[in-house]
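# sequence and computational prediction follow.
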2 protein chains.
Amino acid sequence: MSHYYSQEHHGPYELIDVGDLELEEGGRIPNCKLAVSLFGTLNDAKDNAILIPTWYSGTSKVMEEVYIGAGRALDPEKYFIIIVNQIGNGLSTSPSNAGEGLQGPNFPLVRISDDVRAQHRLLTEHFGIDSLALVVGGSMGAQQTYEWAVRYPSFVKRVAPIAGTAKNTEHDFIFAETLAEAILTDPNFNHGRYASSDLVADGLKRHAKLWTVMGWSTEFFAANRHHALGFDSMRTFVDEFMTGYFAPMDPNNLLRMMWKWQRADVSRHTGGDLAAALGRIKAKVCVMPISHDMFFPPTDAVVEHNLIPNSEFCPLQSIDGHLGLFGTDSVMLEQLDQCLFELLQH
Amino acid sequence: MSHYYSQEHHGPYELIDVGDLELEEGGRIPNCKLAVSLFGTLNDAKDNAILIPTWYSGTSKVMEEVYIGAGRALDPEKYFIIIVNQIGNGLSTSPSNAGEGLQGPNFPLVRISDDVRAQHRLLTEHFGIDSLALVVGGSMGAQQTYEWAVRYPSFVKRVAPIAGTAKNTEHDFIFAETLAEAILTDPNFNHGRYASSDLVADGLKRHAKLWTVMGWSTEFFAANRHHALGFDSMRTFVDEFMTGYFAPMDPNNLLRMMWKWQRADVSRHTGGDLAAALGRIKAKVCVMPISHDMFFPPTDAVVEHNLIPNSEFCPLQSIDGHLGLFGTDSVMLEQLDQCLFELLQH
């Protein structure tokens, strides 16, 4: 469908078929394909693999560009780095690219746990890997990271959830609901049966405005960080940067990811007992919220950190808030690398 | 129009005609009526008057119930307390009650400065008052409070802006824009030509959801404060409390107040120089942001505090965030009273 999700914009990535995926909510994705970007080489001991899942609206490309590199903590010269695109993000099997019967609004409901089971299959069956040196991801990537640590405690040696929680909060659930409604209220969304994203431009723009409010922070704007990023006013920042970022994305893709985001909850493994779920974790954990994050704030992250047996709390300082994940604050990235270096040493 | 704005729900209040009000944006309100609630008695020296303006969506009633009382800082036994409803709030002249030609979407654009000029006329011409012991208000009430201190520096002895700023931030402007769009996108809003608020229920509910996200705080929900307020789930809190609060209000009233809120800026007096505007203030000031406020946070308030010659910074601690203004946190109210007692002693 959309050229936005092409190799040209988000590649190189390869599509790996992990077979039929039965979904927790019922239904299945036949021949589920995970879009994967690979860096570095798996060593003979097969103990240097790092898995990086993606966040809402993101793809492997931003993770490659912002988080990995020679001399960085996530160094392809030392590690075999697998960036795996989440189901529904437009690269892996998604509403925008699914086969007959699963397209657009017919795409089934997918949970974080479905992604993590598909990734486990990818690692074990396709790559023949039976342990991970690290799982690290931001936002919905952090949700998948926590799911890995709880679902497969012996598989993962270390996990680093950035700007995300193991159990989504009620506050965050309603925030995501307002995002969904921004799109759903566009009459051209037409119950998910639109000819192209362009037709849903108004809804996508309202969705971008909500991200402007909650994604950064009031301190970000007070410090004129939007000017520093190259925009001469709040209006151009909203119209060009924020709206421009979301405009080419597929609304059905976004809505399925939102649904998944809202319901992330590792305590589904333990009948709703979050302490019991987090208590299962064997990995060494480094919990990294971002100081000015308005919907995955440090105050929510620290509660979970306190329930994990072997966890360090390493809040990242940035007035860029949640969207500091985009890599806009180089000082924050240095701090993040330091935390990861430290984590990977043990 | 709506029974919601009646004496039964929001009285007793009296309507005082302050004459024709020329508006800063052009146009005028003929025979502008301010709805006023009075408590206590003006002393012979006429130096015990306190003015309380209202916030977005609020009326004199909530200010009466939450902020004033015998033994409180705002004590009707000591002070002559004038609560004045802002133009457009449904009690004072508003889209919902205006005369021929100014009704609904035909209501003119009103600025904070128009309100404050109308209030000045009310005090001087109707009550014969030429000074105020205190102006105190929250949110848009704080915006009016700052406007009083800058526009009429010799008139006001003390001012106490709570959870609001003298110049609205760009971040807050976009937040209010998302609120407006929640209503404007309801097809039944019909460019402001609807038969009743009930028809715009969907838009008002989306508007209420945005307030749920930004009005309280993630800590508020994490601590189950919504349960403590009597709601057994997030869903009932949104559907009953938040939606129920806004549902009977008039959408055109809300939109005119939002427009006013977005553009509050005392630096309009000084060609955009905020330091110069705040430097004019002669009143003793007590700046009271609320610790967990997501759109008028302490970080924005302290910048303005630092530009005011005679100002105390007195942040109120409450995880209830901005809507702690509703009086949901009794400890915060005690702290607020202490700050006001202190301010009124000097």
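Done, it's in. Worth saying up front: this structure is predicted, and the values here are computed from it rather than measured. Residues are numbered from 1 along each chain as shown, chains lettered A, B, ... in the order given.
# excluding residues flanking it in the chain, which one is nearest A:Gln144?
Nearest non-adjacent residue to A:Gln144, counting by CB to CB, 6 or more residues apart in numbering or on different chains: A:Pro53, 3.9 Å away. Any C-beta I mention is one placed from the backbone N, CA and C, and that applies to glycine too.
# oh, I was asking about A:Met234
Once flanking residues are discounted, A:Met234 sits nearest to B:Glu170: 4.2 Å by CB to CB, 6+ apart.
# and what of A:Leu34?
Nearest residue to A:Leu34 in three dimensions, chain neighbours excluded: A:Ser92, at 4.9 Å (CB to CB, 6+ apart).
# who in the stretch 151-300 of chain A is up against chain B?
Contact residues (CB under 8 Å from any CB of the partner chain) of the stretch 151-300 of chain A with chain B: A:169-175, A:177-178, A:181, A:185-187, A:206, A:209-210, A:212-214, A:216-222, A:234, A:238, A:294-295, A:297, A:299-300.
# quick one: buried ones out of those?
A:169-175, A:177-178, A:181, A:185-186, A:206, A:209-210, A:212-214, A:216-222, A:234, A:238, A:294-295, A:297, A:299-300 (16 or more other CB atoms under 10 Å in any protein chain shown).
# helices along chain A, start to end?
Assigned by DSSP state H, the helices in chain A fall at A:7-10, A:60-67, A:112-121, A:140-151, A:170-184, A:201-215, A:218-222, A:225-228, A:234-236, A:243-246, A:251-262, A:274-279, A:298-305, A:330-345.
# just checking, what packs against the second one?
What it means is helix A:60-67. With contacts taken as 3 or more CB pairs under 8 Å, 6 or more residues apart in numbering or on different chains; DSSP states H and E, helix A:60-67 sits against helix A:7-10, strand A:33-39, strand A:49-53, strand A:80-84.
# ok, back up a step: I'd like the helices of chain A as a markdown table, with mean pLDDT appended.
Formatted as a markdown table, the helices of chain A follow (pLDDT from 0 to 100):
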| stretch | mean pLDDT |
| --- | --- |
| helix A:7-10 | 95 |
| helix A:60-67 | 98 |
| helix A:112-121 | 98 |
| helix A:140-151 | 98 |
| helix A:170-184 | 98 |
| helix A:201-215 | 98 |
| helix A:218-222 | 96 |
| helix A:225-228 | 96 |
| helix A:234-236 | 97 |
| helix A:243-246 | 98 |
| helix A:251-262 | 98 |
| helix A:274-279 | 98 |
| helix A:298-305 | 98 |
| helix A:330-345 | 98 |
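# out of the ones you listed, which comes closest to B:Gln144?
Smallest distance to B:Gln144 across the helices of chain A (CB to CB): 21.1 Å, for helix A:218-222.
# quick one: list the elements packing against that closest one.
helix B:170-184, helix B:298-305.
# need these in TSV (columns: distance to A:Ser197).
Formatted as TSV, the entries for the helices and strands packed on helix A:218-222 read as follows, by distance: least, CB to CB, whole Å:
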stretch	distance to A:Ser197
helix B:170-184	19
helix B:298-305	35
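# how about these, which one is nearest A:Gln262?
Closest to A:Gln262 of the helices and strands packed on helix A:218-222, according to CB to CB: helix B:170-184, at 18.8 Å.
# pLDDT value on A:Met1, please?
Each residue has a pLDDT score; the one for A:Met1 is 49.
# pick out the residue closest to the middle of chain A.
Most central in chain A under CA atoms, centre = their mean is A:Trp55, positioned 1.7 Å from the mean C-alpha point.
# who wins for proximity to B:Ala276 among the helices and strands packed on helix A:60-67?
Nearest of the helices and strands packed on helix A:60-67 to B:Ala276, taken as CB to CB: helix A:7-10 at 48.6 Å.
# keeping just the C-alphas, turn that closest one into CSV.
Written as CSV, here are the backbone C-alpha positions of helix A:7-10 (Å, rounded to 0.1, in the frame of the first residue of the first chain):
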residue,chain,number,x,y,z
GLN,A,7,12.5,-0.4,1.9
GLU,A,8,13.5,3.0,0.6
HIS,A,9,12.2,4.8,3.7
HIS,A,10,12.7,2.2,6.4
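# buried residues in that helix?
Applying 16+ other CB under 10 Å to helix A:7-10 flags A:His10 as buried.
# now swap in stretch A:313-329 and tell me
Those buried within stretch A:313-329 under the rule 16+ other CB under 10 Å are A:313-316, A:318-329.
# tell me the one of these nearest chain B?
A:Ile319 (9.0 Å; CB to the nearest CB).
# so what's the closest one up against?
Residues in contact with A:Ile319, defined by CB atoms under 8 Å, 6 or more residues apart in numbering or on different chains, are A:217, A:219-220, A:223, A:225, A:291-292, A:329.
# kindly provide the distance from it to A:Asp250.
According to CB to CB, to the nearest Å, A:Ile319 stands 31 Å off from A:Asp250.
# then A:Trp148?
Applying CB to CB, the value for A:Trp148 to A:Asp250 is 27 Å.
# and for A:Ser37?
Taken as CB to CB, the span from A:Ser37 to A:Asp250 is 20 Å.
# the more surrounded of these two?
Using other CB atoms under 10 Å in any protein chain shown as the criterion, A:Ser37 and A:Asp250 rank with A:Asp250 on top: 26 against 22.
# how many other residues sit next to the spatially closest residue to the more buried one that is not a sequence neighbour?
Leaving aside its chain neighbours, A:Asp250 sits nearest to A:Ser96 (4.0 Å; criterion: CB to CB, 6+ apart). By other CB under 10 Å, 24 other residues sit near A:Ser96.
# any idea how far stretch A:50-69 is from the chain center?
8 Å (CA atoms, centre = their mean, to the nearest Å).
# hmm, I typed the wrong one, I wanted stretch A:15-30.
With CA atoms, centre = their mean as the basis, the mean position of stretch A:15-30 lies at 19 Å from the chain mean.
# quick one: contacts of that stretch?
With contact meaning CB under 8 Å, 6+ apart, stretch A:15-30 is reached by A:31-36, A:87, A:92-93, A:98-99, A:102, A:108-111, A:113-114, A:117-118, A:121-122, A:125-126.
# pull the CA atoms of that stretch into CSV?
Taking Å, rounded to 0.1, in the frame of the first residue of the first chain, the C-alpha atoms of stretch A:15-30 are listed here in CSV:
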residue,chain,number,x,y,z
LEU,A,15,10.7,-10.1,6.0
ILE,A,16,10.9,-13.4,7.9
ASP,A,17,7.9,-15.7,8.0
VAL,A,18,7.4,-17.1,11.5
GLY,A,19,4.4,-19.2,10.5
ASP,A,20,0.8,-19.1,11.6
LEU,A,21,0.4,-17.0,14.8
GLU,A,22,-2.6,-17.9,17.0
LEU,A,23,-3.6,-14.7,18.8
GLU,A,24,-4.4,-14.3,22.5
GLU,A,25,-7.7,-12.6,21.7
GLY,A,26,-8.7,-15.3,19.2
GLY,A,27,-8.1,-15.5,15.5
ARG,A,28,-4.8,-15.9,13.8
ILE,A,29,-2.4,-14.4,11.4
PRO,A,30,-1.4,-16.9,8.8
